[in-house]
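Engineer: coords please:
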Amino acid sequence: MSSTIASTRLSFLDRSRTREGYDQPQALRDTVTLAGTVEELGYHRFWVSEHHSVPGVAGSAPTVLAAAVAAATSTIRVGTGGVMLPNHQPFVVAEQFGVLASLFPGRIDMGLGRSVGFTDGIRRALGRGKEDAEGFAGQLAELLGWLDGTQRVHPQVHARPAEGLRIPPYVLATGHGAAIAAAAGLPLVVGDLRGREKLVRAVEGYRNGFRPSVWAREPYVIVAGTVAVSGTAEEARRLLVPEAWSSAYSRTHGSFPPLAPAERIESLPMTEKERGLFESGLRGHLAGTEDVVAAGLESVIEETGADEVLVTTSTYDREALVDSMRRLARLAGLG
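Structural biologist: Next up, the predicted model:
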């Protein structure tokens, strides 16, 4: 076990991916069940994500799902990776996290992103446009103001029960978003692992521009990415196959399908373009045996100086997923 990995927190992000043969409610139940397993294995956090009108993703209301996860666990930190702030009124976000933090004190994280719906139709349904992402810095400042009591539109308006609660905020971002996190003095969540040079530049820029705040005295970096661990390289690759095909399909057909079994995907006829996108989707992740993944993680942590690694793995085979998380916990010395 590497001392570098052992001294770095390890957390998990689940996207509530749907699977062939199982409905969307099952995907949400799978997320809650997985959170209990991740807690037992000793991971530091379990986060859920926000996606709207994506056929292959059931997680559309992260604060609601986080409540279910927190109720089904007892010690692990629970949060969002993240709530897409441009999609919501900061006042309402503050209220939602205030309720969560009141029900589960000391366990709730507020991960915030700056993306808006990825199609015109979704943005119309949300009442948002692409330009709303440009107002992220102001939205973030307003949200933090509702929490610390400095935001005022009227003397009698308060974000209850959030005001005065210490709910840790995190910014999910690269580029300009990382600069916003630095200026606000907030922890940064940055990924993915396939663009290592871009990742390192984002982290360096964040650290150089960081201004201490009431939320964080010094920079804190969480590096996020896909990790798959198995007994053999081929088994680890098979864990990546369902998500790689779903991504390739979405880029050629316009929608994410549910995750399919790896064996069926590998027997599918693919066009040259589909094959290229599929193979590309398999590359650049941390996948392999425990020794291979340990070396890869150590490299990422040393290059970025990460304080924490946020792992995500979307695959069809739930038993293989749990085995991967167990192997990863073992090589990190958790439990």
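
Engineer: tell me the SS of Phe46?
Structural biologist: Following DSSP: H, G, I helix; E, B strand; the rest coil, the label given to Phe46 is strand.

Engineer: measure the nearest residue to it once chain neighbours are set aside to Thr252 for me?
Structural biologist: Using CB to CB, 6 or more residues apart in numbering and skipping residues adjacent in sequence, the residue nearest Phe46 is Ala35, 4.6 Å away. Glycine gets a C-beta too; all of them are placed from N, C-alpha and C. According to CB to CB, to the nearest Å, Ala35 and Thr252 sit 33 Å apart.

Engineer: which residues in the stretch 151-300 of the chain form strands?
Structural biologist: Ranges of strands within the stretch 151-300 of the chain are 169-172, 188-190, 221-229, 286-288, based on DSSP state E, counting those that start in this stretch.

Engineer: return the most buried member of those strands.
Structural biologist: strand 188-190 (a mean of 28; mean count of other CB atoms under 10 Å).

Engineer: need the contact partners of that strand.
Structural biologist: With contact meaning CB atoms under 8 Å, 6 or more residues apart in numbering, strand 188-190 is reached by 81-82, 111, 170-174, 178, 181-182, 199, 202-203, 206, 219-224, 310.

Engineer: what's the answer for stretch 246-263, then?
Structural biologist: Contact with stretch 246-263 is made by 17-20, 22, 54-57, 238-239, 241-243, 245, 270-271, 273-274, 277-278, 280-281, 314-317, as judged by CB under 8 Å, 6+ apart.

Engineer: buried subset of those?
Structural biologist: Buried by 16 or more other CB atoms under 10 Å: 17-19, 22, 54, 56-57, 238-239, 241-243, 245, 270, 274, 277-278, 281, 314-317, out of the contacts of stretch 246-263.

Engineer: before we move on, the earlier item: with neighbour numbers in mind, choose between Ala35 and Thr252.
Structural biologist: Applying other CB atoms under 10 Å to Ala35 and Thr252 shows that Ala35 carries more neighbours, namely 25 against 13.

Engineer: which helix is the longest one in this structure?
Structural biologist: Counting by DSSP state H, the longest helix found in the chain is helix 233-253.

Engineer: need the contact list for the residue nearest to His51 when sequence neighbours are not counted.
Structural biologist: Excluding the flanking residues, the one nearest His51 by CB to CB, 6+ apart is Val57, at 4.1 Å. Contacts for Val57 were tallied using CB under 8 Å, 6+ apart; they are Arg15, Ser16, Arg17, Thr18, Ala27, Ser49, His51, Phe256.

Engineer: any idea how far Leu268 is from Val57?
Structural biologist: Separation of Val57 from Leu268 (CB to CB): 21 Å.

Engineer: one more: Arg128?
Structural biologist: If you measure Arg128 against Leu268 using CB to CB, the figure is 36 Å.

Engineer: so for the two, which sits in the more crowded spot?
Structural biologist: Each of Arg128 and Leu268 has its neighbours counted (other CB under 10 Å); Arg128 has more, 17 against 12.

Engineer: tell me which element the more buried one is part of?
Structural biologist: For Arg128, there is no host helix or strand (DSSP states H and E).

Engineer: return the distance of it relative to Pro257.
Structural biologist: Distance from Arg128 to Pro257, by CB to CB: 26 Å.

Engineer: kindly report the same for Pro169.
Structural biologist: Relative to Pro257, and taking CB to CB, Pro169 is found at 34 Å.

Engineer: do the same with Met110
Structural biologist: As judged by CB to CB, Met110 and Pro257 stand 32 Å apart.

Engineer: so the two - more neighbours on which side?
Structural biologist: Counted by other CB under 10 Å, Met110 and Pro257 do not tie: Met110 has more neighbours, with 27 against 15.

Engineer: so the helix or strand containing that one versus strand 221-229, what angle?
Structural biologist: Using DSSP H and E, Met110 falls within strand 108-113. Going by axes from the mean of the first three to the mean of the last three CA atoms, to 10 degrees, strand 108-113 is angled at 90 degrees with respect to strand 221-229.

Engineer: which stretches of this protein have low pLDDT?
Structural biologist: Under the criterion pLDDT under 70, the flagged ranges of the chain are 1, 132-133, 335.
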